[in-house]
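Visitor: I'll drop the sequence and a predicted model, then ask my questions.
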Amino acid sequence: MKKNRIAVFFLTACLAVTQLSGCRIKDTEIRLETSNLKSYRNVFQINDYKCSVRTAKLYLCNYRNLYGKVYGMDLWKESETESLENYVKDVAIQELSRIVCMDLLAKDEGMSLSEEEQKKAGQAAEEYYQSLNEAERSFMDVRKKDVQKAYEEYALADKLYETLTEDT
């Protein structure tokens, strides 16, 4: 288990480096799409797991809204916020890569969501999807099943975190 935690750390570190286009750590291959994302369907890939642009936009939209509310700016419209916008993009990708790495570790450990946990994630995803305005839905180009998948991935990562830290 400790070896897997170290692997998750290195995977997350690799994904956090935005100039990286690909690397391999033992049996794990990581690829980042570093060119214009409009021509790609995926932002990054870890072995067979592909993180779609839709999923990345879902995280980006959430962080844009969060930082916009915290700092009182509309990051969708203000032009002076380029450095903050880049920071928000980096934070969104780092969080997304952390969730993906934790999910891969959870699956390696044979961990999955119970039916009750899946149901809760589904309810939260439905509430979230209904709360999106037209601009957000248009920007993200997400469907309900994309949001459902994101909520389930987050719930599994949270379950793994709770398991790993329960004795701490």
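Guide: Yep, that arrived.
Visitor: any idea which helix or strand of the protein has the worst average confidence?
Guide: helix 2-16 (a mean of 45; mean pLDDT, DSSP states H and E).
Visitor: Now for the closest residue in space to Asn62 that isn't next to it in sequence: which residues touch it?
Guide: Among residues not flanking Asn62 along the chain, Ala92 sits closest, at 7.5 Å (Cβ to Cβ, 6 or more residues apart in numbering). From N, CA and C alone the C-beta is placed, and that goes for glycine too. Taking Cβ atoms under 8 Å, 6 or more residues apart in numbering, we find Ala92 in contact with Ala56, Tyr59, Leu60, Asn62, Tyr63.
Visitor: now swap in Tyr128 and tell me
Guide: Contacts of Tyr128 (Cβ under 8 Å, 6+ apart): Val147, Tyr151.
Visitor: Quick check: pLDDT value at it.
Guide: If you check Tyr128, the pLDDT there is 92.
Visitor: Determine the three-state secondary structure at it.
Guide: With DSSP: H, G, I helix; E, B strand; the rest coil as the basis, Tyr128 sits in helix.
Visitor: neighbouring contacts of the helix or strand hosting Leu160?
Guide: Leu160 belongs to helix 144-165 when assigned by DSSP states H and E. Helix 144-165 is contacted from outside by 1, 5, 52, 54-55, 58-59, 98-100, 102-103, 105-106, 109, 111-113, 117-118, 120-122, 124-126, 128-129, using Cβ under 8 Å, 6+ apart.
Visitor: Just confirm Val43 is within a helix.
Guide: No - Val43: not assigned to a helix; according to three-state DSSP it is strand.
Visitor: Tell me how far it lies from Glu109.
Guide: As defined by Cβ to Cβ, to the nearest Å, Val43 lies at a distance of 25 Å from Glu109.
Visitor: So for the two, which sits in the more crowded spot?
Guide: Between Val43 and Glu109, counting by other Cβ atoms under 10 Å, Val43 is the more crowded of the two (25 against 13).
Visitor: Name the nearest residue to the more buried one, ignoring sequence neighbours.
Guide: Ala56 (4.4 Å).
Visitor: who's in contact with that neighbour?
Guide: Residues counted as contacts of Ala56 (Cβ under 8 Å, 6+ apart) are Leu37, Val43, Ala92, Ile93, Leu96.
Visitor: Equivalent analysis for Phe139, please.
Guide: Lys57, Cys61 are the contacts of Phe139 under Cβ under 8 Å, 6+ apart.
Visitor: Could you report the pLDDT at it?
Guide: Phe139 is given a pLDDT of 84.
Visitor: if I look at it, how far off is Leu132?
Guide: 9 Å.
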